[in-house]
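>>> Build me a structure from this.
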Amino acid sequence: MKIPFLYNLRSVLQRPYSTALTALGIALVVAVFIGMLALANGFRAALAKTGSNANVIVLRRGADSELSSGLPRETASMIAASPHVATGAVNTMYAAISARSPEIAVLMTLGFRPFSVLTSFLVEAAIIAAVGGLVGCLIAIPINGLVTSTTNWASFSEIAFSFRITPLLLLIGFLFAVVMGIIGGFFPAWRAARLRVIQALR
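Next comes the predicted model:
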């Protein structure tokens with residue numbers, strides 16, 4: 001027996017605060033994720049190949065490249081932590097689904113199979129994550145075109161570049177939110193669906 005999709009929609013609407021906080025947590029992670037991609041996209045565009053192949057660049061002795069750039073310690077730390085951005089989205093959804101183990105037990109008591117319960121909760125996690133992804137995209141859009149700069153220590157000049165948010169980056173951010181939401185909702189729902197009803201009700 002399958003759980004109707006209407007149950008998921010009602011469940012999302014009946015928990016406005018929990019749903020909003022979970023979606024907001026995912027939205028903030030997605031906004032940071034898109035911001036990092038937009039920064040890299042703008043930096044690549046600033047360093048794109050331009051000019052004529054007939055032009056040459058004379059480098060000083062000891063220099064091995066045209067551009068030598070320095071980053072503040074805070075920026076370096078942020079970039080170093082970027083591979084773990086996904087952890088925030090997964091943990092947010094994990095906590096939201098884990099708190100609903102008793103509800104999973106009640107559904108199983110009513111005769112729903114564990115697979116149906118797991119699928120239902122994954123659909124709900126995807127809905128909340130999709131809402132969070134859309135909000136995260138909206139939060140990130142205002143930084144599009146924001147200009148920042150870095151220093152070329154070889155020539156002591158400043159290189160300016162802007163954040164570049166494209167439709168592709170927004171799509172990547174949205175899909176990132178949905179995938180992380182499903183991953184975060186899968187493990188607690190799968191664990192609760194495998195528990196005995198009495199254990200899950202505790």
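
>>> Now stretch 117-126: average pLDDT?
For stretch 117-126, mean pLDDT rounds to 87.

>>> Which strands and helices lie in contact with the helix or strand where A20 lies?
For A20, the host element (DSSP states H and E) is helix 16-46. For helix 16-46, the elements it packs on are helix 85-98, helix 114-140, strand 157-162, helix 167-194, judged by 3 or more Cβ pairs under 8 Å, 6 or more residues apart in numbering; DSSP states H and E. Where you see a C-beta, it was placed from the backbone N, CA and C, and this is true even at glycine.

>>> Mind putting those into a markdown table with mean neighbour count and distance to I34?
Output for those, formatted as a markdown table (neighbours: other Cβ atoms under 10 Å; distance: least, Cβ to Cβ, whole Å):
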| stretch | mean neighbour count | distance to I34 |
| --- | --- | --- |
| helix 85-98 | 20 | 10 |
| helix 114-140 | 21 | 4 |
| strand 157-162 | 13 | 14 |
| helix 167-194 | 20 | 4 |
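
>>> just so I know, which of these lies nearest R10?
Across these, R10 has its closest neighbour in helix 114-140 (10.2 Å, Cβ to Cβ).

>>> Quick one: work out the angle between the closest one and helix 16-46.
50 degrees (axes from the mean of the first three to the mean of the last three Cα atoms, to 10 degrees).

>>> what's the angle between helix 114-140 and helix 167-194?
Angle of helix 114-140 versus helix 167-194, following the same axes, to 10 degrees, is 150 degrees.

>>> which regions of the protein lie under the pLDDT threshold?
Where the chain drops to pLDDT under 70, the residues are 1, 48-89, 152-157, 196-202.

>>> picking up where we left off before, list the buried residues of the helix holding A20.
By 16 or more other Cβ atoms under 10 Å, the buried positions in helix 16-46 come out as 19, 22-39, 41-43.

>>> which residue sits closest to the residue sitting nearest the centre point of the chain, ignoring its sequence neighbours?
Taking Cα atoms, centre = their mean, the centroid of the chain lies closest to V30, which sits 3.5 Å from it. Once flanking residues are discounted, V30 sits nearest to G136: 2.8 Å by Cβ to Cβ, 6 or more residues apart in numbering.
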